[in-house]
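A.B. asks: sequence plus the predicted model coming up.
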Protein chains: 2
Amino acid sequence: MARKAANRRVGITDVAQRAGVSLASVSRVMNGNFSVDPEIAARVRTAAAELNYQPNAVGRSLALGKTDTIGVVVPDLANPTFQGMLRGVSRAAAQDGYRVLIADSSEVSSEESILAGEARRRCDGVVLCAPRMNEAELEALLPSLRPLVLVNRSTADTQTPSLVVDYGQGVQDLAAHLVEFGHTKLAFLEGPERSASNQARLQGLEKFRVDHPEVELSILPAGSSFEAGHGSVDGVLESGATGVLAFNDLVAMGLLSGLHERGIDVPGEISVTGFDDIPFANYTTPPLTTAAVPINDIGEQAWHEMRRLLGDGDLEPSHTTFQPEVRRRGSTGPAAG
Amino acid sequence: MARKAANRRVGITDVAQRAGVSLASVSRVMNGNFSVDPEIAARVRTAAAELNYQPNAVGRSLALGKTDTIGVVVPDLANPTFQGMLRGVSRAAAQDGYRVLIADSSEVSSEESILAGEARRRCDGVVLCAPRMNEAELEALLPSLRPLVLVNRSTADTQTPSLVVDYGQGVQDLAAHLVEFGHTKLAFLEGPERSASNQARLQGLEKFRVDHPEVELSILPAGSSFEAGHGSVDGVLESGATGVLAFNDLVAMGLLSGLHERGIDVPGEISVTGFDDIPFANYTTPPLTTAAVPINDIGEQAWHEMRRLLGDGDLEPSHTTFQPEVRRRGSTGPAAG
DNA sequence: CCTATTTCAGAAAACGTTTTCTCACAGCGA
DNA sequence: TCGCTGTGAGAAAACGTTTTCTGAAATAGG
C-alpha cells in the first residue's frame, strides 16, 4: 500500500537521492560546511525544501554523542521555588541552544535516584535540585550522574559544583529582625524532615539560641505547603510565641490565612516571617516580611555551571553560596505589650 | 594514555565481551526476553553489574524509533496557569514512563514555531499550549507537529485533538454574578492581544452586552501579569466602573494591591473578579472571586490525548471543552450606593 | 535410528545522522 | 609534459542499540 511509503519519515537519504548527490554532501550542506560546490548546495537545499526534510535529532545525537539537553530533577513542581529555579535554568539554557527535560519526584525520595539516573541517560547532564535522599545515597549516586550540578544541597564530594543558599544565616537574620522588634518568644515552623535546607535552618537557629539566650524558641513541625501553615495555627497559639518564623513563604501565607480566620491581628498580636520571597509574598495582607532568595539567578547560575562542565570539565568545580536578604514588610512589627 | 579508555562509556559491546556472549544476547537479557538460557542470563547480569553498565538511551531510541519523551511548549513559564498545566502533563506522563521536555517561548510568538518544531524533532509528540501565533501560521505548522495536542486554542483543523476552556462563558458568568450584585458599570481588563483566550473572553462579553443592554461595559488594555493589573488602577477609576473583570487572577491581584494602596475598599467601593483560580486566589485580601479552571486536570487530559495518539492514532480526535466554575469569594459584593 | 521440528545463540542489518577516509580531477610549478 | 598539491565529492565506518535472519544443536516423533 501507499500507506507505508507515505508514513515513512523523509530522511537524509531521500534528500540525497532527489538531489542526486551523496549523503555526505547533504549533511555538509545542512551543517553549513562551506567546502561544497554552490550549485550542489542549491540542489540539496531545494530538494530538502521540496521534501520538507526535517533532520532526525536522535540520529544526530547518536553520531555527535550529545543531545543538547539537560535534565532537571526537582522534589515538587508545585512549589514556586522549584518553578522559579526551573524557569531560570530553562531560559538560560535556551540561550545556548540547550533544552530542559524535567523530572518531578513528588517528594518521594526513593524515586529521586531512579529519575536522576534516567534523566542522565537521556541527557548530557543533570541538575539535581534539593534532593531529599540521604547523604550516603547521594554520594553513591554522584559519580554516575556526572556532569552534575547540585542545587540547594551540599555534599562531601567537592568535585561536584554546588549552588546553595545560606538558609542558616537567613533564618538568623529574620530572627534577629524579630528580636529587634522586642519579641522574646519565637516559634519556628519546620519544613520537610528530609530537606537539607530545613536542617540548615535548624542549625542556624541553634546558633541563634546561643547568641540570644534570653529568647525562648520553640520548634513546631509543619511542612512546606500552604496547608501546613494553615494547619499549624493551633500549635503557634499554644506555644505563646509572638513572632513566628515560617519554613517558607507558602507556610507563612497559610499561617497568615489561618490567623486571619481566627481574627488574630498580624502584626499587632503576632508577627510572621516567610522565606524565599516568592512573587506573591509582596501581595499578601499584610505583605510578608521574608528572606529573599534570588531563585531565578540560581537557576541561571546552575546552567552556567553546567555549561562549564559540558565545555571541558577540567576546571575547578565552584561552590557558590547565596546570601538571603531580609525584606522588611508589613507582617512583622513590635511585640505586643 | 589510559584516559581515553577510562573515559569511554561502557556499552553493550563491553558487557557482551565480558560475559563471552553476543550483543544480541545481552540485549535480550536486558529487555527481559525469556528465550535465553538462565546460565547465560546470569553471566550477562553479573557482567553488566561489574561494569556498571547503563544502556544508552539515544542508541535505544534510534533502534526503537521512539524517545519516550514529549515536548510541552508554553508561552510563559512564570505564569501559574502554565506551570499547573505543565505539572499536570508531567505527572500524568510519568505514570506511563514518559518524560517531558519543556520549551518556553517567553511570549515571543515568532519563537513558537521554531521551538515547537525543534521539540517535535526530539520527541515523540508535542503539546502546544496557548500558542500566540496567528491562525494561518498555526494551520501551516500543525501537520509537521503531529502527533500534536492543542491546549487553550482551537483551530479549523479537526484532526488535532484540542482541550479548551470556555472562557467566553466563564467571563459571562462572572459578569452575571456582578450584575446580580447590582453593578451596572463594569470594566474588563484585557489580556495579551494575541492570546486566543483573550479573544474568547471578548466574544463572551459581546454576547453579554447583547443580553444586558442596561449594563455599561468598558474594555481596558492591561496584560496578563501582576504588574499589568497594578498599573491599570487609574484606568479603572477613570472608567467609573464599580465591578472589574480582570483578565486573570494575576491581573486581579495586581489590581487589588493597587486599589489597596489608594485606600479604595474592595468590595465596598469596587468589586473585582479574576480568572483561573490559581492556588493563591483563595488567600488574597479579600479572597478573590474567580472562575475556576481545572488546570491540573487539563494537563493530565492533554497527556491522555497524547497517549491515545501515540497508541495507534487511528482514533477519532477528541475536542474537549472545560467549563469554568464561578467561585464566589470576598472580592465581590453589592454595588455601592 | 533417522528425519522433522523446535529452541536458542550469534551474525548481521537496521535506525539516521556525522565524519573520516579515499580517490578523481583540476590547477600549478618545474 | 609530468608530477605534486589542493579541492571537493562519494564511499564507508562509526555512534549504541534492537531485531531479523541464519544456522547449529537438541528434542520429539515415527
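C.D. replies: In hand now; what should we look at?

A.B. asks: what about the spatially closest residue to A:Glu214 that is not a sequence neighbour, how many residues nearby?
C.D. replies: Leaving aside its sequence neighbours, A:Glu214 sits nearest to A:Thr184 (CB to CB, 6 or more residues apart in numbering or on different chains; 6.5 Å). Where C-beta positions appear, they are placed from N, C-alpha and C, glycine not excepted. Per other CB atoms under 10 Å in any protein chain shown, the neighbour tally for A:Thr184 reads 15.

A.B. asks: any idea how far A:Thr184 lies from DNA strand C?
C.D. replies: With distances taken as CB to the nearest atom of the strand, to the nearest Å, A:Thr184 is found 67 Å from DNA strand C.

A.B. asks: for A:Ala103, phi and psi?
C.D. replies: In terms of degrees, to the nearest 10, the main-chain angles of A:Ala103 are phi -140, psi 120.

A.B. asks: right, and it touches A:Val72 too?
C.D. replies: Yes - under the contact definition of CB atoms under 8 Å, A:Ala103 touches A:Val72, with a separation of 7.1 Å.

A.B. asks: give me the more crowded residue out of these two.
C.D. replies: In this comparison of A:Ala103 against A:Val72, neighbours counted by other CB under 10 Å, the higher total goes to A:Val72 at 29 against 25.

A.B. asks: got a list of what the more buried one touches?
C.D. replies: The neighbourhood of A:Val72, defined by CB atoms under 8 Å, 6 or more residues apart in numbering or on different chains, consists of A:85-86, A:89-90, A:100-103, A:119, A:126-127, A:129.

A.B. asks: which single one of these is nearest to A:Asp157?
C.D. replies: For the contacts of A:Val72, the minimum distance to A:Asp157 (CB to CB) is 14.4 Å, reached by A:Val126.

A.B. asks: ok so, going back, next one: the residue nearest to A:Glu214 from chain B, what distance?
C.D. replies: A:Thr184 sits 29 Å away from chain B, taking CB to the nearest CB, to the nearest Å as the criterion.

A.B. asks: circling back: for A:Ala103 and A:Val72, list the residues in contact with both.
C.D. replies: Residues within reach of A:Ala103 and of A:Val72 at once, by CB under 8 Å, 6+ apart, are A:Ala119.

A.B. asks: just the buried positions in stretch A:45-58, please.
C.D. replies: With burial defined by 16 or more other CB atoms under 10 Å in any protein chain shown, the residues of stretch A:45-58 counted as buried are A:45, A:47-48, A:53, A:55-58.

A.B. asks: show the end-to-end separation of it, please.
C.D. replies: Terminal residues of stretch A:45-58 are spaced 21 Å apart (CA to CA, to the nearest Å).

A.B. asks: about what we covered before: of the buried residues of stretch A:45-58, closest to A:Gln169?
C.D. replies: Looking at the buried residues of stretch A:45-58 and their distance to A:Gln169, the nearest is A:Ala57, at 44.3 Å (CB to CB).

A.B. asks: contacts only, for that closest one.
C.D. replies: Contacts of A:Ala57 were listed using CB under 8 Å, 6+ apart, and they are A:67, B:118, B:121-122.

A.B. asks: between these, which is nearest DNA strand D?
C.D. replies: Using CB to the nearest atom of the strand, the shortest approach to DNA strand D within those belongs to A:Thr67, at 11.9 Å.

A.B. asks: for A:Ala252, see how far away the residue nearest to A:Glu214 is.
C.D. replies: Going from A:Thr184 to A:Ala252 by CB to CB, to the nearest Å gives 20 Å.

A.B. asks: what residues does the stretch 51-200 of chain A have near DNA strand D?
C.D. replies: Taking CB under 7 Å from any atom of the strand as the measure of proximity, the stretch 51-200 of chain A contacts DNA strand D at A:62-63, A:65.

A.B. asks: which of the residues you listed are buried, as a PyMOL select command?
C.D. replies: Listed next is the PyMOL selection for buried residues among these, using 16+ other CB under 10 Å:
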select buried, chain A and resi 62
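
A.B. asks: I'd like the residues of the stretch 51-200 of chain A next to DNA strand D laid out as JSON lines, including pLDDT, distance to B:Leu259 and secondary structure.
C.D. replies: Listed next are these as JSON lines, based on pLDDT from 0 to 100; distance: CB to CB, whole Å; DSSP: H, G, I helix; E, B strand; the rest coil:
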{"residue": "A:Leu62", "pLDDT": "97", "distance to B:Leu259": "58", "secondary structure": "helix"}
{"residue": "A:Ala63", "pLDDT": "97", "distance to B:Leu259": "59", "secondary structure": "helix"}
{"residue": "A:Gly65", "pLDDT": "96", "distance to B:Leu259": "57", "secondary structure": "coil"}
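
A.B. asks: out of the residues of the stretch 51-200 of chain A next to DNA strand D, who's near DNA strand C?
C.D. replies: Near DNA strand C, taking CB under 7 Å from any atom of the strand as the test, the members of those found are A:62-63.

A.B. asks: what comes up buried for stretch A:146-157?
C.D. replies: Along stretch A:146-157, the positions that meet the burial threshold by neighbour count (16+ other CB under 10 Å) are A:147-155.

A.B. asks: pick out whichever of those residues sits closest to DNA strand D.
C.D. replies: Out of the buried residues of stretch A:146-157, the one with the shortest distance to DNA strand D is A:Pro147. That distance is 16.2 Å, counting by CB to the nearest atom of the strand.

A.B. asks: quick check on the closest one: phi, psi?
C.D. replies: Comment: the main-chain dihedrals of A:Pro147 come out as phi -70, psi 130, following degrees, to the nearest 10.

A.B. asks: and the residue in the stretch 1-150 of chain A that DNA strand D sits nearest to, how many neighbours does it have?
C.D. replies: Nearest residue of the stretch 1-150 of chain A to DNA strand D, counting by CB to the nearest atom of the strand: A:Asp37, 2.7 Å away. A:Asp37 has 11 neighbouring residues, counting by other CB under 10 Å.

A.B. asks: any idea whether A:Ala291 is helix, strand or coil?
C.D. replies: Three states are possible here, and by DSSP: H, G, I helix; E, B strand; the rest coil the one that applies to A:Ala291 is strand.

A.B. asks: and for it, the neighbour number?
C.D. replies: Counted with other CB under 10 Å, the neighbours of A:Ala291 add up to 27.

A.B. asks: next up, the contacts around it.
C.D. replies: Applying CB under 8 Å, 6+ apart, the residues contacting A:Ala291 are A:170-171, A:173-174, A:273-277, A:324-327.

A.B. asks: and A:Val266, by the same measure?
C.D. replies: A:Val266 is in contact with A:256, A:259-260, A:272, A:286, A:331, counting by CB under 8 Å, 6+ apart.

A.B. asks: keep only those residues that also lie close to chain B.
C.D. replies: Within the set of those, contact with chain B (CB under 8 Å from any CB of the partner chain) is found for A:256, A:260.

A.B. asks: from the contacts of A:Val266, which land in strands?
C.D. replies: Counted as lying in strands by DSSP state E, out of the contacts of A:Val266, are A:Val272.

A.B. asks: in JSON lines: the contacts of A:Val266, plus pLDDT.
C.D. replies: Conversion of the contacts of A:Val266 to JSON lines gives the following (pLDDT from 0 to 100):
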{"residue": "A:Leu256", "pLDDT": "95"}
{"residue": "A:Leu259", "pLDDT": "96"}
{"residue": "A:His260", "pLDDT": "91"}
{"residue": "A:Val272", "pLDDT": "98"}
{"residue": "A:Pro286", "pLDDT": "91"}
{"residue": "A:Ser331", "pLDDT": "98"}
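
A.B. asks: can you put the contacts of A:Val266 in a markdown table and add neighbour count?
C.D. replies: Written out in a markdown table, the entries for the contacts of A:Val266 read as follows (neighbours: other CB atoms under 10 Å in any protein chain shown):
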| residue | neighbour count |
| --- | --- |
| A:Leu256 | 29 |
| A:Leu259 | 22 |
| A:His260 | 17 |
| A:Val272 | 29 |
| A:Pro286 | 18 |
| A:Ser331 | 27 |
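
A.B. asks: for chain A, which segments count as helices?
C.D. replies: A:2-7, A:12-19, A:23-30, A:38-51, A:57-64, A:80-95, A:109-122, A:135-145, A:167-180, A:196-211, A:226-230, A:233-239, A:249-261, A:295-311 (DSSP state H).
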